[in-house]
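Chemist: what follows is a protein structure lacking sequence information:
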Ligand code: PSU
Ligand code: MN
């Protein structure tokens, strides 16, 4: 039994020390409808390649952890029903029973680390849900950022979450939240929010250096890069907030809980915005893939350890 199967492209990149960007698969199975999910997954891989890095989409298929999917595997996953959503808690069990599952941010970070991949691009991370003081719904993604040394490029915490509480938990866990090129924290569909970003860096090389510096300081865990969606593709906060409120009310009325909350809200917001939220989501994932590829290139050019 091998721990993972890498795609031919990833094996070649690993042996040549070429930059690789990990990509998650929950966004394909639970984050977007078919066929936009498949088109986006292909497009994002092409964006990574266009910036000079190799994409590695990660998923568990029939018990095998795959680092880099072949085209037929990507297609099957995008159309499959009842694919499990795998986080830190579920991954080993799914593999042991020969199951198929899509990896969340947490599970993708775990897989990336095993394969020696330091950078990962996604859309949004899980966080502290609104009402978490009663539900205790706090995503395992946050714990993962505290433990696993992968730089995760997202578009900021989604406004379906409690953003200030998400920042508090990340601070407690010692996970840096770094806005790119601005002082305001981006909030997924919205390029800016009224919340100041805890940290800011402007250049991919600085993000790469900060990644290396954490390791040199002996700090476990990764860093969360919050990359604002391009202004022309955003839905401003004042427009999206009432829609989120409505989707949250519907989730409450229907008793949606645990793992189903995020997919339910994304689906309702898609319907309530007549698809505009999906266009924004696609634009921001592509934007993050491009930045992640640049960071991966900078990391490949830096020494593994800074000199004393
Ligand atoms: N945010 C999105 N799209 C997604 C997710 C988050 O905009 O598809 C997925 C990611 O895989 C993330 C997961 O890791 O949802 C978080 O789920 P939970 O809140 O159940 O931890
Ligand atoms: Mn959750």
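Modeler: Nice, thanks for sending it over. Just so you know, these numbers come straight off a predicted model, no measurement behind them. Numbering: from 1, shown residues only. Ligands and ions are numbered 1, 2, ... in the order given.
Chemist: can you point out the buried residues in stretch 180-195?
Modeler: Residues of stretch 180-195 classed as buried by neighbour count (16 or more other CB atoms under 10 Å): 180, 182, 184-193, 195. For glycine as for every other residue, the C-beta is placed from the backbone atoms N, C-alpha and C.
Chemist: and which of these is nearest ligand 1?
Modeler: residue 188 (6.5 Å; CB to the nearest ligand atom).
Chemist: leaving out sequence neighbours, find the closest residue to the closest one.
Modeler: Taking CB to CB, 6 or more residues apart in numbering, and ignoring the residues beside it in sequence, residue 188 has residue 158 as its nearest neighbour in space, at 4.1 Å.
Chemist: and the one you found, what pLDDT?
Modeler: Each residue has a pLDDT score; the one for residue 158 is 88.
Chemist: ok so it is a helix residue?
Modeler: No: secondary structure of residue 158 (DSSP: H, G, I helix; E, B strand; the rest coil): coil, not part of a helix.
Chemist: I figured it was touching residue 187, is that so?
Modeler: Yes: when contacts are counted by CB atoms under 8 Å, residue 158 is listed as touching residue 187 (7.0 Å).
Chemist: quick one: contacts for the nearest residue to residue 159 once chain neighbours are set aside?
Modeler: The spatial neighbour of residue 159 that comes closest, neighbours along the chain excluded (CB to CB, 6+ apart), is residue 187 at 5.0 Å. Residue 187 is in contact with 156-159, 163, 193, 195, 237, counting by CB atoms under 8 Å, 6 or more residues apart in numbering.
Chemist: mind doing that once more with 10 Å?
Modeler: 124, 155-161, 163, 193-195, 226, 228-229, 234, 237, 240-241 (CB atoms under 10 Å, 6 or more residues apart in numbering).
Chemist: if we can go back for a sec, pull up the overlap in contacts between residue 158 and residue 187.
Modeler: Contact criterion CB under 10 Å, 6+ apart; residues shared by residue 158 and residue 187: 124, 240.
Chemist: thinking again about what came up before, got phi/psi on the residue nearest to residue 188?
Modeler: Residue 158 adopts backbone torsions of phi -70, psi 140, taken as degrees, to the nearest 10.
Chemist: adjust the sequence numbering to begin at 615 for everything that follows.
Modeler: Okay, residue one is now 615; in that scheme the one you just asked about reads as residue 772.
Chemist: quick one: neighbours of it, just the number.
Modeler: Other residues near residue 772 come to 25 when the count uses other CB atoms under 10 Å.
Chemist: one more: the one 5 residues further on?
Modeler: Residues within reach of residue 777, counting by other CB under 10 Å, total 21.
Chemist: how far away is it from residue 809?
Modeler: To residue 809, residue 777 is 6 Å away according to CB to CB, to the nearest Å.
Chemist: what residues are shared contacts of these two?
Modeler: In terms of CB under 10 Å, 6+ apart, residue 777 and residue 809 are both contacted by the residues 770-771, 799, 801.
Chemist: does stretch 654-667 reach ligand 1?
Modeler: No: contact of stretch 654-667 with ligand 1 (CB under 6 Å from any ligand atom) is absent, the minimum separation being 11.0 Å.
Chemist: what's the answer for stretch 775-786, then?
Modeler: No: in terms of CB under 6 Å from any ligand atom, no part of stretch 775-786 sits within range of ligand 1; the closest distance is 8.2 Å.
Chemist: helix or strand for the nearest residue to residue 644 once chain neighbours are set aside, just tell me which one.
Modeler: In this structure, residue 644 finds its nearest non-sequential neighbour in residue 877, 4.4 Å apart by CB to CB, 6+ apart. Element membership for residue 877 (DSSP states H and E) is helix 875-886.
Chemist: that helix: what's the following helix or strand?
Modeler: Past helix 875-886, further along toward the C-terminus, the next helix or strand under DSSP H and E is helix 890-915.
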